[in-house]
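1. this one's sequence-less:
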Ligand SMILES: [Zn+2]
């Protein structure tokens, strides 16, 4: 009944690797100058142009043979003249090329997965035909030849196997079938209008260690990052809020409205499995309280209060600025305090998610899906500060923690989840924090009712699934 709305966000059956990727973030300590932001935006804009060029030139079926291992494309891109036309440093140019190629490859992987699924569900194909089609999807050479209507050329050692695979079936018919499916499901038109960031390799950045000889408070020390620009030897220096230095490929996300940047650093971490995590739990989320479980246990009670502290500080400080515009020292102090309050919220969120996972020991977590662009739950009292609330922070962190602890996270259909009675299924009413059902008389905290429904919806859908197969 809710099948269309359920999505397995973290599904351990699909994930066999022992490591997961975690994104660490670094932030600028103070807003960048307009000039520096412009230099970074120039790179992002060129980066976007290169990606779109690669998408349109190599996104089609005809370019499949060039995708692996990609040297041909790299050479063709070198000879394309695009790099000199844009006057783009090679560190950025080739990074953009490989970034776009990665997108094209994932697009093909998605198409192949989709078709694999259709093949196994197709009752008009016998098992040998399915076997042959899976072979075509797995072997790049064969796949590319079929789509481009060329004859399949395989290395010597595979030819015997190929002959065996095609005995008793009609390959031509299956080739036509495969081509049809690809035409139907492959999304060819990759294109990006966004120029809000770029990847950067170690050749294009350098961290500057903090110099204790400068003295003063930690916020006058000069730790930061130098980022190469389009101008030869000219780098933008961005002071950072922490003193960490990494030697990985980074993603530089630009936030030009506020002249801020975010640096994303991918970190590999080990995935842990816990044999004693066997519970299935339903959760509801809120902006004051992070989580309420279907049994009424609450985590992250301080969440809203911490945000309010930040919001109040920011609105008071904004008033002070208007009065004394030239107060630079005051501004620095303000930014430092704001960064500390933000960091406090993040570490609180992490702490409470860890505490929830350790005490609930979940095997599966069911969570209501949020409607897109929802502002539900924001009441008038806190409206002025809603902009400060970090949308998506909790979900993003929860997703990550579930991945790291092999917990399955399932989003269930969220519509009406607080209004439906979790005891009898009738639509009830709530006043304040209490839900009441007019039919069965069930009375419970609104959040607990929603969490109970999340559990119920999740388990119902999975139950239906099991019957289907
Ligand atoms: Zn009821």
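-> Right, received. Where do you want to start? Just so we're clear, the structure is a prediction, and the values are computed from it rather than from any experiment.
2. what about the residue in the stretch 101-250 of the chain that the ion sits nearest to, how many residues close to it?
-> With C-beta to the ion, the shortest gap between the stretch 101-250 of the chain and the ion falls at residue 121, namely 38.3 Å. For glycine as for every other residue, the C-beta is placed from the backbone atoms N, C-alpha and C. By other C-beta atoms under 10 Å, 8 other residues sit near residue 121.
3. pretty sure residue 193 is in a strand, no?
-> No. Residue 193 sits outside any strand when classified using DSSP: H, G, I helix; E, B strand; the rest coil, being coil.
4. That one - nearest residue in space that isn't next to it in sequence?
-> Leaving aside its sequence neighbours, residue 193 sits nearest to residue 48 (C-beta to C-beta, 6 or more residues apart in numbering; 7.7 Å).
5. Settle this for me: residue 145 is touching residue 154, isn't it.
-> No. Assessed by C-beta atoms under 8 Å, residue 145 is found out of contact with residue 154, at 9.2 Å.
6. got a list of what the residue nearest to residue 193 touches?
-> If a contact means C-beta atoms under 8 Å, 6 or more residues apart in numbering, then residue 48 has 192-195 as its contacts.
7. nearest to residue 424, of these?
-> For these, the minimum distance to residue 424 (C-beta to C-beta) is 47.4 Å, reached by residue 194.
8. Report the separation between that closest one and residue 258.
-> Distance, residue 194 to residue 258, by C-beta to C-beta, to the nearest Å: 17 Å.
9. What of residue 362?
-> 37 Å.
10. again with residue 317
-> Distance from residue 317 to residue 258, by C-beta to C-beta: 15 Å.
11. Equivalent analysis for residue 423, please.
-> 47 Å.
12. same check, this time on residue 69
-> For residue 69 relative to residue 258 (C-beta to C-beta), the value is 41 Å.
13. With residue 188 instead?
-> 36 Å.
14. the more surrounded of these two?
-> residue 188 (14 against 10).
15. In this structure, where is pLDDT below threshold?
-> 1-17, 189, 210-221, 321-328, 371-389, 461-469 (pLDDT under 70).
16. Can you spell out the domain ranges of it, please?
-> Per the record, the chain has its domains at 3-18+271-468, 197-267, by automatic domain parsing.
17. Which one, of those domains, ends up nearest to the ion?
-> Nearest of the domains of the chain (C-beta to the ion): domain 3-18+271-468, 3.1 Å.
18. Spell out for me which residue occupies the centre of this protein.
-> For the chain, the residue nearest the mean C-alpha position is residue 396 (7.7 Å; C-alpha atoms, centre = their mean).
19. For that residue, which residues are in contact?
-> Contacts of residue 396 by C-beta under 8 Å, 6+ apart: none found.
20. 10 Å - rerun?
-> By C-beta atoms under 10 Å, 6 or more residues apart in numbering, residue 396 lies in contact with 23, 349, 390.
21. Residue 430 now?
-> 418-419, 436-437, 443-446, 449-450.
22. restrict the residues you listed to contacts with the ion.
-> residue 437 (C-beta under 5 Å from the ion).
23. mind listing what's buried in stretch 185-199?
-> Across stretch 185-199, burial judged by 16 or more other C-beta atoms under 10 Å covers 186, 190, 195, 197-199.
24. Helix or strand: which one has the residue nearest to residue 193?
-> helix 34-58 (DSSP states H and E).
25. can you check residue 409 too?
-> Short version, using DSSP H and E: residue 409 is in strand 408-412.
26. near the ion at all, the helix or strand just after that strand?
-> Beyond strand 408-412 on the C-terminal side, the first helix or strand identified by DSSP H and E is strand 429-431. No. Judged by C-beta under 5 Å from the ion, strand 429-431 stays clear of the ion, getting no closer than 11.0 Å.
27. Touching the helix or strand following strand 429-431 from outside, list them.
-> Moving toward the C-terminus from strand 429-431, the next helix or strand (DSSP H and E) is strand 434-436. With contact meaning C-beta under 10 Å, 6+ apart, strand 434-436 is reached by 418-423, 428-430, 442-450, 452.
28. In ChimeraX, select just the buried ones from those.
-> This is the ChimeraX syntax for the buried subset of those, where burial follows 16+ other C-beta under 10 Å:
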select :418,419,420,421,422,423,428,430,442,444,445,446,447,448,449,450,452
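29. between the contacts of residue 430, which is nearest residue 79?
-> Closest to residue 79, out of all of the contacts of residue 430 and judged by C-beta to C-beta, is residue 450, at 59.2 Å.
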